[in-house]
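In: Okay, sequence plus prediction incoming.
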Number of protein chains: 2
Amino acid sequence: MCYVLRVRNKGLKGRRSDCPVNFAVEALGDKWSLVILRDMIFWGKKTFGEFLKSDEHIATNILATRLEYLVGEGLISKSPDPGDKRKDIYRVTEKGIALMPIFIEMIAWSASDSTWQSIATGGTEAQIKFVTQCVTNKDKSKLSLEVQKTVRRGDSVFEGVVR
Amino acid sequence: MCYVLRVRNKGLKGRRSDCPVNFAVEALGDKWSLVILRDMIFWGKKTFGEFLKSDEHIATNILATRLEYLVGEGLISKSPDPGDKRKDIYRVTEKGIALMPIFIEMIAWSASDSTWQSIATGGTEAQIKFVTQCVTNKDKSKLSLEVQKTVRRGDSVFEGVVR
DNA sequence: TAAGTCACTTGCAATATGCAAGTAAAAAAT
DNA sequence: ATTTTTTACTTGCATATTGCAAGTGACTTA
């Protein structure tokens, strides 16, 4: 970060501005953070190896740095797997769980887009039902609260992890 | 894009997957697109020069490529200024206006975050009121619809552009 | 007609992302 | 007990994106 920026950023803790939109963009505006959190919230993924298996094919070095970043941001936590000393268990924190309304609105926006509709291949019944709820539900806060409860008790929206 | 990816992406139009979360991440997951759209929706900015004046200090070349990208994605439109042949007028399209619920939830998430609270400097009364509504309003769809109506008639949430 | 304004472009440096191959520790198989 | 496999990474290098600073040409204003 250059000198001018450091001076300008006094009190902003390295941020470009104090705008709440910009704050979210700086925290989440990369190509992987939300995809990893999606895997945790919707697919119950918890370990490095499970994250590697997503459709988007993240590289191992990128995954390592992104997980470290998300832990640092307080969006997820990392703890050793008691049953297997090679593994670590990553869990979504309350700060991460609080992203649920954003996920729901992102899903609603994509699902309403004709380009997405043209590439979407249907998915499971549960997936279709959830996406439909994101688009059509009047009270989305209710849907959000349901999912947050699910995640808090250690479950995920679509349960089982794809192997 | 490598060979393997091109083969894997058959039918996905260059996307990494057909997941709606990933679709939104690929479309909006960079450091500038949402900031530019924010300037249009909230501050009524319409020209290249106005976008340059944001707190986040975007570089001219980045702004040029991002505007071109957003036009290509159909999120904004570009048309010549009838009164000044040097200028172009950028306007938010319906696809861009449809992002409003995402903006509201991002604002709500940031405003609820202790780190953001520690860097936030208050802002105008209108700003504080809007952020409060994002956080506390039960029916956020109503707030969203209001803002969308405002943008559609060519106005913006906080009206005047900062000069 | 000269001096600004405006929306860019260009060149180059820094950072982020991506691929492929490796490594050490632990677990599982033999 | 030893080998093989699994797991979570790291390392080296290539490419892509972002960022700064200095132009440039079309147009407007004084």
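Out: In hand now; what should we look at? Fair warning: this is a prediction, and the values are worked out from it, not measured in the lab.
In: Tell me the confidence at the closest residue to DNA strand C within chain A?
Out: With CB to the nearest atom of the strand, the shortest gap between chain A and DNA strand C falls at A:Lys85, namely 3.4 Å. All C-beta atoms are positioned from the backbone trio N, CA, C, and that covers glycine. Looking at A:Lys85, its pLDDT stands at 97.
In: Residue ranges in chain A under the pLDDT threshold?
Out: Applying pLDDT under 70 to chain A flags residues A:1-10, A:160-163.
In: Can you show me the helices along it?
Out: A:3-8, A:20-28, A:33-43, A:48-52, A:60-73, A:94-97, A:100-111, A:114-119, A:125-136, A:140-152 (DSSP state H).
In: who's in contact with the last one?
Out: Helix A:140-152 is touched from outside by A:40-41, A:92, A:97-98, A:100-101, A:104-105, A:108, A:133-134, A:137, A:156-157, B:138, B:140-141, with contacts defined as CB atoms under 8 Å, 6 or more residues apart in numbering or on different chains.
In: Output that helix as CSV, restricted to C-alpha atoms.
Out: Below are the C-alpha coordinates for helix A:140-152, written out as CSV (Å, rounded to 0.1, in the frame of the first residue of the first chain):
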residue,chain,number,x,y,z
LYS,A,140,-37.2,-14.3,2.9
SER,A,141,-36.1,-13.6,6.5
LYS,A,142,-38.1,-16.7,7.5
LEU,A,143,-36.2,-18.8,5.0
SER,A,144,-33.0,-17.2,6.2
LEU,A,145,-33.6,-18.0,9.8
GLU,A,146,-34.5,-21.6,9.0
VAL,A,147,-31.2,-22.1,7.2
GLN,A,148,-29.2,-20.4,10.0
LYS,A,149,-30.8,-22.7,12.6
THR,A,150,-29.8,-25.7,10.4
VAL,A,151,-26.2,-24.5,10.1
ARG,A,152,-25.9,-23.7,13.8
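In: The nearest residue to A:Pro20 once chain neighbours are set aside - how many residues pack around it?
Out: Nearest residue to A:Pro20, sequence neighbours excluded (CB to CB, 6 or more residues apart in numbering or on different chains): B:Ser110, at 3.7 Å. By other CB atoms under 10 Å in any protein chain shown, the residues close to B:Ser110 number 26.
In: Setting the sequence-adjacent residues aside, check what's closest to the most centrally placed residue in chain A.
Out: Centroid-nearest residue in chain A: A:Leu37, 2.5 Å away (criterion: CA atoms, centre = their mean). Once flanking residues are discounted, A:Leu37 sits nearest to A:Gly96: 5.8 Å by CB to CB, 6+ apart.
In: Hmm, A:Leu75 and the one you found touching each other?
Out: Yes - in this structure A:Gly96 lies within contact range of A:Leu75 using CB atoms under 8 Å: 4.1 Å.
In: Show me whatever sits in contact with both of the two.
Out: Taking CB under 8 Å, 6+ apart as the criterion, A:Gly96 and A:Leu75 both touch A:Leu37.
In: Enumerate every residue touching whatever residue of chain A ends up closest to DNA strand D.
Out: Per CB to the nearest atom of the strand, A:Gly49 is where chain A lies closest to DNA strand D, at 2.8 Å. By CB under 8 Å, 6+ apart, the contact list for A:Gly49 reads A:Lys87.
In: my guess is A:Leu12 contacts A:Asp18, does it?
Out: Yes - A:Leu12 lies in contact with A:Asp18 (CB under 8 Å); the separation is 6.0 Å.
In: For A:Val92, see how far away A:Pro80 is.
Out: Separation of A:Pro80 from A:Val92 (CB to CB, to the nearest Å): 17 Å.
In: okay, these two: which has more neighbours?
Out: A:Val92 (24 against 11).
In: Now do the contacts for that one.
Out: Residues near A:Val92 by CB under 8 Å, 6+ apart: A:Leu37, A:Met40, A:Ile41, A:Leu75, A:Ile76, A:Val151.
In: What count of nearby residues applies to the closest residue to it other than its chain neighbours?
Out: Excluding the flanking residues, the one nearest A:Val92 by CB to CB, 6+ apart is A:Met40, at 5.0 Å. The burial count assigned to A:Met40 is 22, neighbours taken as other CB under 10 Å.
In: just checking, A:Met40 touches A:Ile76?
Out: Yes - using CB under 8 Å, A:Met40 is in contact with A:Ile76, at 6.9 Å.
In: got any residues that touch both of the two?
Out: With CB under 8 Å, 6+ apart as the test, A:Met40 and A:Ile76 both reach A:Tyr90, A:Arg91, A:Val92, A:Gly96.
In: List, one by one, the residues from chain A near DNA strand D.
Out: Contact residues (CB under 7 Å from any atom of the strand) of chain A with DNA strand D: A:2, A:4-5, A:47-50, A:60-61, A:64-65, A:67, A:84, A:86-88.
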